[in-house]
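*Asks:* fold the following.
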Amino acid sequence: MKKWKAMTASILTASVLFLGVPLETSAQETIDYSIFELPKSGYLKQGDRGENVKILQRALNEVVSAGLAVDGVYGAKTKNAVLKFQKTSKSLKDTGIYDRKTHEALSEKINSYGFAKVVLKEGSRGEAVRTLQKGLNELGYGLKVDGHFGSKTKAAVIKFQKRYPELTPNGIFDEKTRNLLDKVLHD
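*Replies:* Residues are numbered from 1 along each chain as shown. The predicted structure follows:
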């Protein structure tokens, strides 16, 4: 599953690059997770066709196990998969139309590691710390994934921060560190 997810992220990232959506960012910018550029209308809906619909179908298959044929046709099954995804978030309207907010949410879900948008530091505990530890382990840090931000997790964060001059090596998993780690894990 991990290889499939990495391969899917690579395919989606390649699709983004192919379609000309910039992914380059510094640690201070917000990452653009967009899997493709929406048409001028700002949405995709039932009846639409094309490469963007294929990318959407692949993403829905990954995120909500939609089981869609990747045929580039936004039919009833694709609409139902969009609805299923929209129902996973309280901030999305259940319309079955792939609008800007749905696009942002799905793009981030498929192209981000899933780090919580919180500051983590020594003493922090919980699922957000587990996600951080898993991400650091993908880069070879060898942490125990226990949800406790202890001295070893702090040391790993500092080691990561020291690799990038734009980061302050303080062991605090702040927004700048989170954005850069997320980018590194998807490049």
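*Asks:* next, find the distance separating the one residue sitting closest to the centre of the chain from residue 120.
*Replies:* Nearest residue to the geometric centre of the chain (Cα atoms, centre = their mean): residue 112, 1.9 Å. Using Cβ to Cβ, to the nearest Å, residue 112 is found at 16 Å from residue 120. The way it works is simple: take the backbone N, C-alpha and C, and place the C-beta from them, glycine included.
*Asks:* over to residue 186?
*Replies:* Separation of residue 186 from residue 120 (Cβ to Cβ): 20 Å.
*Asks:* more neighbours, these two?
*Replies:* Between residue 186 and residue 120, counted using other Cβ atoms under 10 Å, the more crowded position is residue 120 (24 against 18).
*Asks:* and the closest residue to that one other than its chain neighbours, what's its pLDDT?
*Replies:* Nearest-residue entry for residue 120: residue 173, 4.0 Å, with adjacent residues in sequence omitted and distances by Cβ to Cβ, 6 or more residues apart in numbering. Turning to residue 173, the model gives it a pLDDT of 98.
*Asks:* contacts only, for residue 173.
*Replies:* 119-121, 132, 149, 157, 181 (Cβ atoms under 8 Å, 6 or more residues apart in numbering).
*Asks:* out of those, which are buried?
*Replies:* Among the contacts of residue 173, those classed as buried by neighbour count (16 or more other Cβ atoms under 10 Å) are 120, 132, 149, 157, 181.
*Asks:* among those residues, which two are most distant?
*Replies:* Distances among those were taken as Cβ to Cβ; the most separated pair is 149 and 181, at 14.2 Å.
*Asks:* quick check: chain neighbours aside, which residue is closest to residue 94?
*Replies:* Spatial nearest neighbour of residue 94, chain neighbours left out: residue 86 (4.9 Å); criterion: Cβ to Cβ, 6+ apart.
*Asks:* state the distance from the one you found to residue 95.
*Replies:* Distance of residue 86 to residue 95, given as Cβ to Cβ: 7 Å.
*Asks:* when the two are compared, which one has more neighbours?
*Replies:* Neighbour totals were compared for residue 86 and residue 95, and residue 86 leads with 22 against 14 (other Cβ under 10 Å).
*Asks:* how far away is that one from residue 121?
*Replies:* 35 Å.
*Asks:* burial count for residue 48?
*Replies:* If we define neighbours as other Cβ under 10 Å, then residue 48 has 19 of them.
*Asks:* actually, residue 76.
*Replies:* Around residue 76 there are 9 residues (other Cβ under 10 Å).
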